[in-house]
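Participant: everything below, folded, please.
(one chain, ligands or ions: 4)
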Amino acid sequence: MADTMPEIVRTTCPYCGVGCGVIAARLDDSAEWVVKGDPEHPANFGRLCVKGSALAETIGLDGRLLHPMIGTERAAWKPALDLVAEKFSAAIAEHGPDSVAFYVSGQLLTEDYYAANKLMKGFIGSANIDTNSRLCMSSTVAGHVRAFGADTVPGCYEDLELADLVVLVGSNAAWCHPVVFQRILAAKTRRPDMRIVVVDPRRTSTAECADLHLAIRPGSDAVLFNALLAHLRGEETELDVGVPLEQLVQFFSWFADTEKTVTLWSQGINQSSSGTDKVDTIINCHLQTGRIGRPGMGPFSLTGQPNAMGGREVGGLANMLAAHMGFDEASVDRVGRFWNAARMATRPGLKAVDLFRAVSEGKIKALWVMATNPAVSLPEADLVRAAMQACPFVVISECEADTDSARLAHVRLPALAWGEKEGTVTNSERRISRQRPFLAAPGEARGDWWIIAQVARRMGFADSFAWPDAGAIFDEFCRLTAFENHGTRDLDLSGLVGADYQAIEPIQWPVTSPGQGTARMFADGRFFHPDGKARMLEITPRPPARATDEAFPLILNTGRMRDQWHTMTRTGRSPRLAAHAPEPALLVHPKDAARFGLADGGLARVSGARASVVLRVAIDSGQRLGEVFAPIHWNDRTASGAVVGSLIDAATDPVSGQPELKQAPVMVAPLSAAWHGVLLSRNPVELPRSFYWAKAAGTGHSVWRLAGESGEDWPAAAKQWLGKDGEWIEFLDPNRGHYRGARLVDGRLDAVLFVFPWATDFSPDWVAAAFGRAAILGDERATLVAGAPPGGDRGRDKTVCACFNVGLAAIRAAIGNHRLSSVAEVGAMLKAGTNCGSCIPELRAILAEAAPKKVA
Ligand SMILES: Nc1nc2c(c(=O)[nH]1)N[C@H]1C(S)=C(S)[C@@H](COP(=O)(O)OP(=O)(O)OC[C@H]3O[C@@H](n4cnc5c(=O)[nH]c(N)nc54)[C@H](O)[C@@H]3O)O[C@H]1N2
Ligand SMILES: Nc1nc2c(c(=O)[nH]1)N[C@H]1C(S)=C(S)[C@@H](COP(=O)(O)OP(=O)(O)OC[C@H]3O[C@@H](n4cnc5c(=O)[nH]c(N)nc54)[C@H](O)[C@@H]3O)O[C@H]1N2
Ligand code: SF4
Ligand SMILES: [Mo]
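Facilitator: Ligands and ions are numbered 1, 2, ... in the order given. As a prediction, this is how the structure comes out:
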């Protein structure tokens, strides 16, 4: 890292696989960093979504892990690294190389990933290194390899703009790949004839923007695409996927008639016990029509994490060796010679779900987790926790001091975070971009690759892990991709060998000569099977592994919210991002709500065979009947019991090993609470275990939403949780069950608690604002415990535009009062939707709802 920090740094967003270029800038040392989209980056041309726009709010050091920890004791690096090396070496000596494992992540940089893979597969001699990408796109990898002979993404983002038909299958890109989705919508605005079809059991924000939405029965995608293939071949077809026939006819004829078609997919396809087959049914339709490798057409998997692709490249999956080579004898020999390996792994290792099963069976004696939170994100999360607890030695490399997984580790190693670390990532269109640091390394945190190399040296492999910096690792990786390649492997970075690392510009692989990237693959009709041809796989569709039964009559679908990232370790810090969805919700069709006695805004207990969670009910007519949806983000740090992974059995795809995370049978029941509350506090609060709670970030404070099954002596309870001393201002109506209390310390607001006898989405915005003030003056004090804001009663309003903090009520009022009829008009009046554009789908839905209905 440079000694002096430049004041403008070009880097890459650390969230989704779109891989947007970001510029971090500040005027001088005393100014705050500002983050903006990089107008020159070819993934986003200056756009950022709301998560990217809020990056500067997430770089604070609160809650960061800044020193190595052995148990609960702070340790220096040397004893911590010595201990890790010693425990791994001892396990290997006593029980063999397969008794240890790494579980890594698509949020590592390519250099980190390369180092971890090299240590495990070339020097420990096991392939027990797997990644959270197993849960994310391993079905796509397997589907690509079966069809193309290599894990190759054929196209690029420009194809989405050139296409006349864009089909999104199991992808909520409006929320999960917002900048790519904005590019599609912008193209459609320029060329209104372009069509968008969305295949998703629920009506998502993405579906709101579609010309046609096929709300198919969950898990029936292979039936749909098999039938499409038959239609393209002119065969007779019959199918039942739970949508009206005329919609299918429409989709099939659009697909058949539109040469420039791109089919995008994501987790609705991949996270399935037959995900690999589903991927290949989609690819089949493109191979059948020859729509691949040419501008405006192709099958296109959207990758989730910022470096999911980089992980695939270096070999981060247990069944791949390195640099797109597998475990065939020639590859093992080639990589072994290149690495000068002490002990090469010769066969695939354990895939994520099996790996954690091996941990629970006591077969893994030492486990190292890097940049992922398996205690939340794996299926059977409850069993994963028990397994980690029972494992003799667990190490975690983390940026955060406290995560659900870090709580289960014997050793915690502090990793540099985004903005501090240095390396490369690859996005969904094979584009390699640099991540560059602009912040000084805090505390004793170090880059992940450095930590791995230090352990490797202590295990006796000093010569092979002697890199001076991340750039040296990248260069070694590029040389491996070129090593004895001769055009046999798609991944070839020979044109980047010896490149000036600091100056690398975003470029799409393969890069066979300096500065020459590759936008599209397969344009020449040549694939990577030995005969140079692609394969069309014959697929027999299979339903989800577990059917519903009387005890578990609903299907639980799980996925993402617009403004949170995974287990919330970073996005959870931003008040702006918290506003869109402050609590873990359960989306339920109105008829299912009636059937199971659930009320909008009430609480529901959602149960699987072993565990249950408690979520806030949101009635949503966009759900399919019989299916409920819950977000994956909340965990033990942010809610009392919302880890949905504990409800999901780990049924996996037999080829890819990817677990079925979208179709879990569950039961729901209303949870009656005696009281509901909102608590705002500057400091952490210890609440009774029996409560429901969910925590969100506020400015200068946190907000907890609470509920409990039996009433309390509120004035006493409030003081017990929030502190007796200081000055208390209170309002109590014991008969009706209302309590409001505020605590001031040295004249400054410290905490407030509001209690109601019923469920309410009440949000004391005016009290939240008071946390920003140095002192609360006489007259103002009473307003803290008033049930409504001074001079008006704006109850809680849903934030729609997080960039400009515009709420639903204001948007509805503006549409009604000024007869607005387009997103552009709403933007002109309120600014909503004019920055990142993430809320445009919601604005459209609000406009549609407000539009005058035709009288029949
Ligand atoms: N805001 C935000 N963005 C993110 C992330 C995040 O955490 N937050 N994470 C990133 C990562 S790692 C990933 S992998 C991507 C995921 O991006 P997406 O895959 O787009 O997101 P999900 O919400 O997991 O699921 C997509 C959709 O699959 C649908 N689905 C469920 N079952 C079926 C089915 O049987 N068939 C079909 N056709 N569809 C089905 C769901 O209803 C859901 O709308 O997002 C990335 N971007
Ligand atoms: N039910 C259900 N479960 C799912 C999914 C679903 O749709 N439904 N989706 C799956 C998918 S697609 C994914 S990708 C996973 C994601 O699941 P996880 O990977 O478990 O989620 P994250 O919160 O992203 O965890 C990343 C962790 O790494 C830390 N971290 C961030 N940057 C760095 C770094 O540079 N170095 C180190 N050492 N640590 C870092 C963060 O603080 C955080 O704790 O969840 C999967 N689980
Ligand atoms: S779309 Fe948003 S989250 Fe994804 S890379 Fe771009 S700015 Fe980051
Ligand atoms: Mo993912």
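Participant: residue of the chain closest to ligand 4, please.
Facilitator: Gly304 (2.7 Å; Cβ to the ion). Bear in mind the C-beta positions are built from the backbone N, C-alpha and C, glycine included.
Participant: counting neighbours, what do you get for that residue?
Facilitator: By the criterion of other Cβ atoms under 10 Å, Gly304 has 24 neighbours.
Participant: now swap in Asp761 and tell me
Facilitator: Using other Cβ under 10 Å, Asp761 is surrounded by 16 other residues.
Participant: sec struct for Asp159, please.
Facilitator: Classification of Asp159 using DSSP: H, G, I helix; E, B strand; the rest coil returns helix.
Participant: and whatever residue of the stretch 501-650 of the chain ends up closest to ligand 1, what are its bridge partners?
Facilitator: Nearest residue of the stretch 501-650 of the chain to ligand 1 (Cβ to the nearest ligand atom) works out as Gly559 at 2.3 Å. Judged by DSSP bridges, the bridge partners of Gly559 are Pro631.
Participant: who are the contact partners of it?
Facilitator: Shown in contact with Gly559 (Cβ atoms under 8 Å, 6 or more residues apart in numbering): 172, 176, 267, 629, 631-632, 662.
Participant: pLDDT, neighbour count and secondary structure added to these, as TSV?
Facilitator: Output for the contacts of Gly559, formatted as TSV (pLDDT from 0 to 100; neighbours: other Cβ atoms under 10 Å; DSSP: H, G, I helix; E, B strand; the rest coil):
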residue	pLDDT	neighbour count	secondary structure
Asn172	98	25	coil
Cys176	97	25	helix
Gln267	98	24	helix
Phe629	98	24	strand
Pro631	97	20	strand
Ile632	97	21	coil
Lys662	98	25	coil
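Participant: which of those come close to ligand 1?
Facilitator: 172, 176, 267, 662 (Cβ under 6 Å from any ligand atom).
Participant: my guess is the last one meets Gln267, correct?
Facilitator: In this case it means Lys662. Yes: the criterion here is Cβ atoms under 8 Å, and Lys662 meets it with Gln267 at 6.8 Å.
Participant: which neighbours do these two share?
Facilitator: Common neighbours of Lys662 and Gln267 (Cβ under 8 Å, 6+ apart) are 170, 559.
Participant: remind me, longest helix of this protein?
Facilitator: helix 77-95 (DSSP state H).
Participant: mind listing what's buried in that helix?
Facilitator: 77, 80-81, 83-85, 87-92 (16 or more other Cβ atoms under 10 Å).
Participant: ok, the closest residue to Leu439 other than its chain neighbours - contacts?
Facilitator: In space, and not counting its chain neighbours, Leu439 is closest to Gly419: 4.5 Å by Cβ to Cβ, 6 or more residues apart in numbering. For Gly419, the contact set (Cβ under 8 Å, 6+ apart) comprises 11, 24, 33, 55, 59, 437-439.
Participant: so which of these are in strands?
Facilitator: Using DSSP state E, the members of these that fall in strands are 11, 24.
Participant: could you work out the most separated pair of the contacts of Gly419?
Facilitator: Leu55 and Pro437 (13.8 Å; Cβ to Cβ).
Participant: neighbour count for those two, which is higher?
Facilitator: Counted by other Cβ under 10 Å, Leu55 and Pro437 do not tie: Leu55 has more neighbours, with 24 against 21.
Participant: sec struct for the residue nearest to the more buried one when sequence neighbours are not counted, please.
Facilitator: Among residues not flanking Leu55 along the chain, Val35 sits closest, at 4.4 Å (Cβ to Cβ, 6+ apart). Assigned by three-state DSSP, the conformation of Val35 is strand.
Participant: give me the domain ranges for the chain.
Facilitator: 7-58, 75-136+310-470, 142-301, 554-671, 675-785, 799-850 (automatic domain parsing).
Participant: gap between the longest one and the chain center?
Facilitator: Averaging C-alpha coordinates over domain 75-136+310-470 and over its chain gives two centres that are 20 Å apart (Cα atoms, centre = their mean, to the nearest Å).
Participant: is that domain anywhere near ligand 3?
Facilitator: No: for domain 75-136+310-470, no contact with ligand 3 is found by Cβ under 6 Å from any ligand atom; the gap never falls below 7.7 Å.
Participant: thinking again about what came up before, gap between the residue of the chain closest to ligand 4 and Val199?
Facilitator: The gap separating Gly304 from Val199 is 18 Å, by Cβ to Cβ, to the nearest Å.
Participant: next, Leu777: phi, psi?
Facilitator: Note on Leu777: backbone dihedrals following degrees, to the nearest 10 are phi -80, psi 170.
Participant: again, but for the one 4 residues further on
Facilitator: Phi and psi for Arg781, reported as degrees, to the nearest 10, are phi -60, psi -40.
Participant: who's the closest spatial neighbour of it, skipping the chain neighbours?
Facilitator: In this structure, Arg781 finds its nearest non-sequential neighbour in Ile729, 5.4 Å apart by Cβ to Cβ, 6+ apart.
Participant: just checking: what are the partner strands of the host helix or strand of the one you found?
Facilitator: In this assignment (DSSP states H and E), Ile729 forms part of strand 727-733. In the sheet, strand 727-733 lines up against strand 738-745 (antiparallel) (DSSP bridges).
Participant: I'd like the mean pLDDT over the helix or strand following the partner strand, please.
Facilitator: Scanning forward in sequence from strand 738-745 by DSSP H and E, the next helix or strand is strand 748-756. Here strand 748-756 scores 94 as its mean pLDDT.
Participant: for this protein, which residue gets nearest to ligand 3?
Facilitator: For the chain, Cβ to the nearest ligand atom, closest residue to ligand 3: Gly52, 2.5 Å.
Participant: what helix or strand is that residue located in?
Facilitator: Using DSSP H and E, Gly52 falls in helix 50-53.
Participant: list the helices and strands the next helix or strand after that helix packs on?
Facilitator: Next in sequence after helix 50-53, counting helices and strands by DSSP H and E, comes strand 69-70. Helices and strands touching strand 69-70, by 3 or more Cβ pairs under 8 Å, 6 or more residues apart in numbering; DSSP states H and E, are helix 77-95, strand 411-414.
Participant: break down the stretch 601-750 of the chain into its strands, ranges please.
Facilitator: 603-607, 612-619, 627-631, 664-671, 675-681, 692-697, 702-708, 727-733, 738-745, 748-756 (DSSP state E, counting those that start in this stretch).
Participant: sheet-wise, list the partners of the first one with their directions.
Facilitator: Strand 603-607 has these partner strands in its sheet, going by DSSP bridges: strand 612-619 (antiparallel), strand 664-671 (antiparallel).
Participant: near ligand 2 at all, it?
Facilitator: No: Strand 603-607 lies apart from ligand 2 when judged by Cβ under 6 Å from any ligand atom; the minimum separation is 12.2 Å.
Participant: show residues contacting that strand.
Facilitator: 552, 556, 586, 588, 596, 598, 612-617, 628, 630, 644, 647, 666-671, 673, 692, 707, 759.
Participant: using the three-state scheme, assign the residue nearest the centre of the chain.
Facilitator: Nearest to the centroid of the C-alpha atoms of the chain, with distances taken as Cα atoms, centre = their mean, sits His566, at 4.3 Å. Here His566 is recorded as coil under three-state DSSP.
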